[in-house]
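Undergrad: The sequence and its predicted three-dimensional model are supplied below.
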Protein chains: 2
Amino acid sequence: MAKNITPRSENFPQWYQDVIMAGQLADHAPVKGCMVIRPDGYGIWESIQSKLDYRFKETGHVNAYFPLLIPENFMKKEAEHVEGFAPELAVVTHAGGKELEEPYVIRPTSETVIGHMYSKWLKSYRDLPILINQWANVMRWEKRTRLFLRTSEFLWQEGHTAHETQEQAEEETLKMLEIYREILEDYCAIPVIPGQKPAHEKFAGALTTYTLEAMMQDKKALQSATSHNLGQNFARAFDIEFLNRDNVLEHAWTTSWGISTRSIGGIIMTHGDDDGIILPPKIAPTKVVIVPIFKSELDQQSTIAHSEKIAEVLKKELGALNVKIDYRDNMKPGDKFFTWIQKGVPLRIEVGPKDVANNGGMVVRRDTRDKQVCSMNEIATIVPQLLDDIQSNLFNRAKALLGENMMKVDTYDEFKKIFSEKGAFVLAHWDGTTETAGKIQAETKASIRLIPNDGELEAGKCIYSGKPSKQRVIFALAY
Amino acid sequence: MAKNITPRSENFPQWYQDVIMAGQLADHAPVKGCMVIRPDGYGIWESIQSKLDYRFKETGHVNAYFPLLIPENFMKKEAEHVEGFAPELAVVTHAGGKELEEPYVIRPTSETVIGHMYSKWLKSYRDLPILINQWANVMRWEKRTRLFLRTSEFLWQEGHTAHETQEQAEEETLKMLEIYREILEDYCAIPVIPGQKPAHEKFAGALTTYTLEAMMQDKKALQSATSHNLGQNFARAFDIEFLNRDNVLEHAWTTSWGISTRSIGGIIMTHGDDDGIILPPKIAPTKVVIVPIFKSELDQQSTIAHSEKIAEVLKKELGALNVKIDYRDNMKPGDKFFTWIQKGVPLRIEVGPKDVANNGGMVVRRDTRDKQVCSMNEIATIVPQLLDDIQSNLFNRAKALLGENMMKVDTYDEFKKIFSEKGAFVLAHWDGTTETAGKIQAETKASIRLIPNDGELEAGKCIYSGKPSKQRVIFALAY
């Protein structure tokens, strides 16, 4: 048991914080509510970035970079947008030794400034679609912050597209939601539920906001990615117009979609155990660490040489940067093992003098802790296979948790009981009003996470008001 | 001749600006002195990033992310540092609807906040070296700005390392300079001269600043990357201390090094011609564009089908994302060719009905405009070979220009004549004083770009003061 980590059963939020510190994933910055993403945490983000970026490009998107600062008046052009973001803005009032004539805000999101540029660039339907993505830092001054999950500055990508028709914009919005699902489920091993946000939880200025919600080990929901159909709202606010096929000036149909460093928090809370984070192999920056075990200088030489032989074989299979050797000579083997456990490396190979003699190594899984002796001949086939097993085990285990804790509830008493005791994803009928949703949340802290995309239509009565409902929605406590 | 581009001979700065607009590489942002990096410009930065990032990781560096905002008082802890950067700072005074107790500045560079974190993390010599890099945006409020070359916000990487000894810090500083040289010369095809900055041109707070200087086509120098040995200056200011091997507390030796989106300006001004940018194949996001040429619908089908066959072969050789087909059907072939010329794509393959009949294509080089018919069988070998040829041709042509315009000068009259007429890299003796350098710059606009790393020691007299000098330095007009 890790002494530096509070058990999950005792205090889940403290466990989360401890896991991050133990794995050196992030640290608190000397700036209120901001974080430093340390190399072991940043490496996870780089993995997610590279998978996403490839999928974005494969689907015809290109990257660009827009300015960090946004003229304050831009924020006011879309009425709902300013209402949503105004309380969280950081404002630059002075620059170059002078007070600015008009203040700039640090982007909390870039619809406004990107909309301004699109209005300059867009002339004709021939210029459409515009399919641009940006990798960037953004800032939202948050009151209560938690590393990765909610910080005043965070890293993300924000896609911003413009289309000829409403249908194309809707298609794009759903296409990107599907790419997020793929990255979250197939790479991060986080099962997610796709759906729509109710009106009161939409992105400020959107027509429709789609979301992917995941269940963390404490049964709370984590909003893991969102994709917004913005309709013509921002096009009207920023004059994003084009001459259509009939030579008539028309407003474009725009979308935006984003995923952030918050997903690292999702990985921690989906897969971690009481010893720390567990990384799904497909996004682990280091997939295998080889630890030579020695007491004498002679053993040091032979175990390191043998470790390097193993590394050579595995680097060919897994990539040169994905296999590490632990060369440290000032630490006991158990302590070395523990540092790698706490960094969540999926596989560890222990190489002692016996393993040198037997021309093999002891392969240890991070998820199950299972150990198996593996000969040099087998290593190139067994290691990739074990990595695949770990990947599916992590996903299946999370999927099982979600299955066990997703339930249909038809009475408000049962609903209240669930959220006072343990939490869950509760499928319940709701009358569709913001008022009812607000009352339920005030009384139980549970909010509507989403209206499932694949939810069956089923007539019923709102658990709170008794009014008619056409479809169940998912309630949960949320991050 | 491009109608949208002023010839270089007429007005070089206007040519530069026109090339950027014609190639859609960047645009002016609605924020004073800031730019939007458009997809075709950003793709170049992504190429440079990926090459650099791989080399950083190969040499043991890891990436991390530190906060955008820096407490204002941090800037004041290193005396030279604040003097150098204070006039250029952008200041956040309000956030979350309130005035801040202490203002934050947007990072102009991150030595201070990273130094603060290192002092928290560093305990023992066992924790050294720390080899961290950050990809980030930074902000320096500039008075006169020019796209890519000098903007108030720009993108860069900043490496920050800490070492046990002065020697190790110096070794790191030079190692990174060499990696920059490799990227600039071997990938960007920009010949550079490595050397030291004179004291008055050093990074604010550094012991030694190393630089790589390149000659643009107008004979002006572009500082293309810098690497700083910071000695113990920042370690003292931020208490970056460790217990050394004798168990004594000691200040660490730190370095920092950076290269920015300015390098895109360097590529434009090194290789561009009167029709626009020319991209070195190794960093061109699109290496080959295939343009089907058709009038009838039947020809459209057959030329597109044939283009796709060629693309399939080339994608295997060059990577799936590096080969494009121009499907546009609303533009004349000549206009299509011209858009690709202005984006600098190294090779264009024209596919008309005759090429379909002959099972080949017409391959056209961007640098020399040479055309050659190429059969389907040859394409997989000829195209990569032509790309190599273009890469070396661009480098050699730039190297020749540098050779022709680098000269030893021994009298101030000749020196003044050169800089009043045409510009050059002038190797001249200098007495080593900031005063003399200042007078020369005031009279001729030429400044000391560097003291060459491989400059031979040669006793001489300062061209201005006549005082003794041990080595020639390089003077030039500079960006």
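TA: Perfect, I can see it now.
Undergrad: Next to chain B, which bits of the stretch 301-450 of chain A? Give me the list.
TA: A:320-321, A:330 (Cβ under 8 Å from any Cβ of the partner chain). (Glycine included, C-beta is placed from N, CA and C.)
Undergrad: If we use 7 Å, what do you get?
TA: When proximity is defined as Cβ under 7 Å from any Cβ of the partner chain, the stretch 301-450 of chain A approaches chain B at A:321, A:330.
Undergrad: Strands of the stretch 301-450 of chain A, residue ranges please.
TA: Ranges of strands in the stretch 301-450 of chain A, per DSSP state E, counting those that start in this stretch, are A:323-325, A:347-351, A:360-365, A:371-375, A:406-408, A:425-429, A:447-452.
Undergrad: Quick one: list the elements packing against the first one.
TA: In other words, strand A:323-325. strand A:288-292, helix A:297-318 (3 or more Cβ pairs under 7 Å, 6 or more residues apart in numbering or on different chains; DSSP states H and E).
Undergrad: and those as TSV, adding mean neighbour count and distance to B:Pro285?
TA: Output for the helices and strands packed on strand A:323-325, formatted as TSV (neighbours: other Cβ atoms under 10 Å in any protein chain shown; distance: least, Cβ to Cβ, whole Å):
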stretch	mean neighbour count	distance to B:Pro285
strand A:288-292	27	33
helix A:297-318	17	27
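Undergrad: if I look at the closest residue to chain B within the stretch 101-250 of chain A, how far off is A:Ile304?
TA: Nearest residue of the stretch 101-250 of chain A to chain B (Cβ to the nearest Cβ) works out as A:Trp141 at 3.6 Å. Counting by Cβ to Cβ, to the nearest Å, the gap from A:Trp141 to A:Ile304 is 50 Å.
Undergrad: What of A:Met139?
TA: Remark: distance between A:Met139 and A:Ile304 (Cβ to Cβ) = 46 Å.
Undergrad: Do a quick rundown of the strands in the stretch 151-300 of chain A.
TA: Using DSSP E, counting those that start in this stretch, strands in the stretch 151-300 of chain A cover A:153-163, A:193-196, A:208-215, A:221-231, A:241-243, A:249-251, A:253-260, A:288-292.
Undergrad: With respect to B:Ser119, which of these lies nearest?
TA: Across these, B:Ser119 has its closest neighbour in strand A:153-163 (21.1 Å, Cβ to Cβ).
Undergrad: Can you lay out the strands of the stretch 151-300 of chain A as CSV showing distance to B:Glu72?
TA: As requested, these are exported to CSV (distance: least, Cβ to Cβ, whole Å):
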stretch, distance to B:Glu72
strand A:153-163, 17
strand A:193-196, 44
strand A:208-215, 38
strand A:221-231, 34
strand A:241-243, 43
strand A:249-251, 43
strand A:253-260, 28
strand A:288-292, 42
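Undergrad: between those strands, which gets nearest to B:Leu207?
TA: Of the strands of the stretch 151-300 of chain A, nearest to B:Leu207 by Cβ to Cβ is strand A:153-163, at 31.5 Å.
Undergrad: Mind giving me the packing neighbours of that closest one?
TA: By 3+ Cβ pairs under 7 Å, 6+ apart, strand A:153-163 packs against helix A:111-121, strand A:130-139, helix A:166-182, strand A:253-260.
Undergrad: Not counting its own residues, what contacts that strand?
TA: A:34, A:45, A:52, A:61, A:109-111, A:114, A:118, A:122, A:128-139, A:169, A:172, A:176, A:240, A:252-262, B:65, B:67-68 (Cβ atoms under 7 Å, 6 or more residues apart in numbering or on different chains).
Undergrad: Hmm, A:Pro67 is touching B:Cys34, no?
TA: Yes. If you go by Cβ atoms under 7 Å, A:Pro67 and B:Cys34 touch, sitting 4.3 Å apart.
Undergrad: Those two: which is more packed in?
TA: A:Pro67 (28 against 22; other Cβ atoms under 10 Å in any protein chain shown).
Undergrad: phi, psi of the more buried one?
TA: The phi/psi pair for A:Pro67 (degrees, to the nearest 10) reads phi -70, psi 150.
Undergrad: distance of it from A:Ile114?
TA: Taking Cβ to Cβ, one finds A:Pro67 at 10 Å from A:Ile114.
Undergrad: next one: A:Ala305
TA: The gap separating A:Ala305 from A:Ile114 is 55 Å, by Cβ to Cβ.
Undergrad: what does A:Glu58 give?
TA: From A:Glu58 to A:Ile114 the distance is 22 Å (Cβ to Cβ).
Undergrad: neighbour count winner among those two?
TA: Counted by other Cβ under 10 Å, A:Glu58 and A:Ile114 do not tie: A:Ile114 has more neighbours, with 28 against 11.
Undergrad: Report how many residues lie close to the residue lying closest to that one once chain neighbours are set aside.
TA: Computed as Cβ to Cβ, 6 or more residues apart in numbering or on different chains, the closest residue to A:Ile114 that is not its neighbour in sequence is A:His160, at 4.6 Å. If you count neighbours by other Cβ under 10 Å, A:His160 ends up with 27.
Undergrad: Is A:Ile20 in contact with A:Asp27, as I believe?
TA: No. At 8.3 Å, A:Ile20 and A:Asp27 do not qualify as touching, with contact defined as Cβ under 7 Å.
Undergrad: Now the helix ranked longest in chain A: buried residues?
TA: The helix that spans the most residues within chain A, counting by DSSP state H, is helix A:376-404. Residues of helix A:376-404 classed as buried: A:379, A:383-384, A:386-387, A:389-391, A:393-395, A:397-399, A:401-402 (neighbour count, 16 or more other Cβ atoms under 10 Å in any protein chain shown).
Undergrad: re the thing from before, I'd like the strands of the stretch 151-300 of chain A written out as CSV, with mean pLDDT and distance to A:Arg181 added.
TA: Output for the strands of the stretch 151-300 of chain A, formatted as CSV (pLDDT from 0 to 100; distance: least, Cβ to Cβ, whole Å):
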stretch, mean pLDDT, distance to A:Arg181
strand A:153-163, 98, 15
strand A:193-196, 98, 6
strand A:208-215, 98, 6
strand A:221-231, 98, 8
strand A:241-243, 98, 31
strand A:249-251, 98, 30
strand A:253-260, 98, 11
strand A:288-292, 98, 28
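Undergrad: Minimum distance to A:Ala311: which of those strands has it?
TA: strand A:288-292 (5.7 Å).
Undergrad: From the contact counts, what lies against that closest one?
TA: helix A:297-318, strand A:323-325, helix A:333-342, strand A:347-351.
Undergrad: I'm done for today, thanks for sticking with me.
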